[in-house]
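*Asks:* compute the structure for the input listed below.
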Amino acid sequence: MKKILIIQNKRIGDVLLASLIATNLKKVFPNSVIDYMVYDYTTGVIENNPAIDNIIEINEKQLKKIPVLFKTALKVRRKNYDIIVDPYAKFQSRVISLLSGAKTRIGFKKRDKNPPLPFYTHNIPFLLEKSKPCGKSIEDRVNLITSVFNIESPTYEPKLYLTDKEEQYDKLNQYNKPVVMFGILGSTPQKSMPYDYIVDLIDFVTETYDVYALFNYSPHQKEDALTIYNKCKHKDRIIFDIYEESIRGFALLMNKCKLLIANEGGTVHIAKALNKPTFTIFSPYVLKEHWASFEDGKTHTSIHLLDEKPELFSTNREQRKKIEEDPSFLYKQLTPKIIIPRLDTFLKFHLTAN
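*Replies:* Next up is the predicted model:
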C-alpha cells in the first residue's frame, strides 16, 4: 500500500484545483493512503473528498519560521511516505519534499534552473501552452501526474463534495426568486474592481432581472462591502444579512444560488466545482489563459481587458509610466460600459428579465 503526500501551501483556488492530483493518483493506486497538506483556512474546499484520506492542516505564518519548518519536515519524514507531490514548489514545500526521504518526489521544474535543483526526483516542466478547455493551470497540475504515471483517462474537472446534510442548507429558503451571488471584492486590491464599477453592475442586474443579489467578501472586508451596499440603488433586492465566514459555509450558500458574478479568484473555482454558472471579471494583471476554465460562452464565461483593448498592454514608456503612477490604471479601463453587454448576454441565458 502506497503512502502519498500532496503539499499545496497556497490559496483556496489552488488547493481545490490541486485536489485533482489526489483524484488521479487514486486511479493509479486505488488502495493508497493519500494525505493532503494545506493551510488551515483552505480545508473547506477538500472536506469529504473521497480521494483524500487525511487532511494535514498547517499555519501559513508559523510555517515561515525556520524551526517550525524543520519540525514539520521531520514529522513528514517519520511517516515514511513513498510519494511526495509538490505542485507549488515554494521554499517551505521544497524543503519538506527534500527531507521527506520519499523515493519518488514530484514537482515543477523552474524555468531558470538547468540542471534542476535536487528537491525532486521528477522535475516536470510547465506546459508551453494550454490544449484543453480546463485551462492551463489545471492542465499543468494533471500533467504533473500523467508525466510520471500512466493514466488512461485523467480527470480534469475539480469537484466539491457536500454531505446529504449540507445539501439541506436552508438559509435562502425564504426567498422566492433566484439569488445571484456577487463576489464584490477580490482577494487583493489588484483583483478588485473599483467600487463604483461593481455598484453599476449590481444596479444593472437588480433593475433588469427578477432576482435577489447576495454579496460575498472576506470577513475583514465587511466595511468595504457595506460601503458598496450603501451606494446601490435597489437595497430591497440585496440580501445583506446572510453571510458565511468560513469557506465551507460559502460553498453551502453558493450551492443554493443560481449563479455567480465575481472577480476572478477562489470563489469562481468553488462555484464551478458545484456546477454553478459563472461570469468572471478578470483582473488585467492576471493571465486569463491560466485560470479561465471550462468556458463555453454560456455556462461559464469571462471578460478580460486584454480581449477588449489589447492596445492598453503596450510596453511603451508612456504606458508603463501610467501604470507605475496608478497601479489600478488598467482595471479602471475595464468599465461597466464594456462589461454589461457581455454580462447581459450571459444572464439572458440563465435568468428571466423583469
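*Asks:* which parts of the chain belong to which domain?
*Replies:* Domains of the chain are assigned by automatic domain parsing as 3-146, 166-350.
*Asks:* quick one: end-to-end distance for the first one.
*Replies:* Same thing as domain 3-146. End-to-end distance for domain 3-146: 18 Å, by CA to CA, to the nearest Å.
*Asks:* out of the domains of the chain, nearest to T155?
*Replies:* Closest to T155 of those, according to CB to CB: domain 3-146, at 4.9 Å. To be clear about C-beta, it is placed using only N, CA and C from the backbone, and glycine gets the same treatment.
*Asks:* check the offset of that closest one from the chain's centre.
*Replies:* 16 Å (CA atoms, centre = their mean, to the nearest Å).
*Asks:* where in the stretch 201-350 of the chain is pLDDT low?
*Replies:* 314-327 (pLDDT under 70).
*Asks:* if we can go back for a sec, tabulate the domains of the chain (CSV), appending mean neighbour count and distance to K159.
*Replies:* Converted to CSV, the domains of the chain look like this (neighbours: other CB atoms under 10 Å; distance: least, CB to CB, whole Å):
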stretch, mean neighbour count, distance to K159
domain 3-146, 18, 8
domain 166-350, 17, 5
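*Asks:* columns distance to Y156 on top of the ones you listed, output as CSV?
*Replies:* Formatted as CSV, the domains of the chain follow (distance: least, CB to CB, whole Å):
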stretch, distance to Y156
domain 3-146, 4
domain 166-350, 9
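*Asks:* among the ones you listed, which comes closest to P154?
*Replies:* Of all those, domain 3-146 comes closest under CB to CB, at 5.2 Å.
*Asks:* longest helix anywhere in this structure?
*Replies:* helix 12-28 (DSSP state H).
*Asks:* okay, and the nearest residue to K235 once chain neighbours are set aside sits in which element?
*Replies:* In this structure, K235 finds its nearest non-sequential neighbour in Y229, 6.9 Å apart by CB to CB, 6 or more residues apart in numbering. Under the criterion of DSSP states H and E, Y229 resides in helix 222-231.
*Asks:* next structured bit after that helix?
*Replies:* strand 238-239.
*Asks:* need the next SSE after that next one, C-terminal direction.
*Replies:* Next element after strand 238-239 (DSSP H and E): helix 247-255.
*Asks:* give me the helices and strands touching that following helix, please.
*Replies:* helix 164-167, strand 212-216, helix 266-273 (3 or more CB pairs under 8 Å, 6 or more residues apart in numbering; DSSP states H and E).
*Asks:* between those, which one is nearest to Y88?
*Replies:* Once the helices and strands packed on helix 247-255 are compared by CB to CB, helix 266-273 is nearest, at 14.6 Å.
*Asks:* OK, contacts around the residue nearest to K235?
*Replies:* 215, 235, 238, 240 (CB atoms under 8 Å, 6 or more residues apart in numbering).
*Asks:* which outside residues touch the host helix or strand of S93?
*Replies:* Element membership for S93, per DSSP H and E: helix 91-99. Helix 91-99 has contacts (CB under 8 Å, 6+ apart) with 7, 9, 37, 63-64, 69-70, 72-74, 76-77, 84, 86, 105, 107, 117-120.
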